[in-house]
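**Q** model this:
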Amino acid sequence: MPQPRSNDPLRRAIRKLVLGLERREQVRKEKRRYTRQPLNVPVRLCTKTGEGQYQTLCAAWAVDLSMGGISCLVEQPLDPQYTIYVNFDELLGHACCIPINMRRCQRLIGNVHQVNGQFVYETETEPHPGEEAEAA
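**A** Residues are numbered from 1 along each chain as shown. Now for the predicted structure:
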C-alpha cells in the first residue's frame with residue numbers, strides 16, 4: 001500500500017524507521033491499527049527544558065515501534081501523565097527527538113518497567129498513513 005507523503009518531519013522520521021524495519025522483518029498480521037515492528041535498540045527518554053533543550057531522563061531499550069507509538073523498557077518507574085521525548089540520535093545518526101504521550105508504565109520484574117507511548121504529531125488534522133486508503 002503506498003504511503004502518503006507528509007511535510008511533517010516527525011512523520012517522515014518515524015516512517016523511515018518503520019519502513020526500514022518492515023524491510024528487515026517479515027510483517028505479521030495484527031489487530032492493531034498499525035503494525036508493530038521489533039526495534040531492539042538503545043534510546044534515551046528526555047524532557048524538554050524551558051529553553052527548548054532536551055535533558056536526558058533515563059536510558060531505555062526500544063522494544064517495538066509503529067506509526068502510532070513505541071514501547072520501551074526502562075529501569076525506573078515513570079509517571080505516564082507527561083509528554084516525554086524519545087531521542088533517536090544514535091540510531092539515525094542525526095538529532096531527532098520525537099514527542100510521545102506516555103500511555104502506560106508497568107512494572108515487569110524487579111526495577112524493569114515497560115513504557116508505552118503514543119507519538120504526538122504536530123498536526124493531527126493530517127490523516128495518519130494508510131487512513132486515506134481506508135476512507136476511500
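
**Q** Could you use CA atoms for every contact and neighbour count after this?
**A** Fine.

**Q** Find the residue closest to Gly117 in space, skipping its chain neighbours.
**A** Once flanking residues are discounted, Gly117 sits nearest to Met102: 4.2 Å by CA to CA, 6 or more residues apart in numbering.

**Q** I'd guess that neighbour is in a helix, am I close?
**A** No: counting by DSSP: H, G, I helix; E, B strand; the rest coil, Met102 is not part of a helix but strand.

**Q** Surely it touches Thr83?
**A** Yes: judged on CA atoms under 8 Å, Met102 makes contact with Thr83 at a distance of 6.2 Å.

**Q** Val18: what secondary structure?
**A** helix.

**Q** swap in Ile14?
**A** For Ile14, the secondary structure call by three-state DSSP comes out as helix.

**Q** Give me the neighbour count for it.
**A** 20 (other CA atoms under 10 Å).

**Q** so how far is Phe88 from it?
**A** Using CA to CA, to the nearest Å, Ile14 is found at 10 Å from Phe88.

**Q** Quickly list what's touching both of these two.
**A** Overlap of the contact sets of Ile14 and Phe88 (by CA atoms under 8 Å, 6 or more residues apart in numbering) is empty.

**Q** show me where pLDDT drops low in this structure?
**A** Low-confidence segments of the chain, defined by pLDDT under 70, span residues 1-7, 23-32, 123-136.

**Q** where exactly do the strands run in it?
**A** Secondary structure of the chain by DSSP state E: the strands cover 37-48, 54-65, 69-74, 83-87, 97-109, 112-119.

**Q** May I see those organised as a markdown table, with distance to Asp8 added?
**A** Putting these into a markdown table (distance: least, CA to CA, whole Å) gives the following:
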| stretch | distance to Asp8 |
| --- | --- |
| strand 37-48 | 20 |
| strand 54-65 | 18 |
| strand 69-74 | 16 |
| strand 83-87 | 16 |
| strand 97-109 | 12 |
| strand 112-119 | 13 |
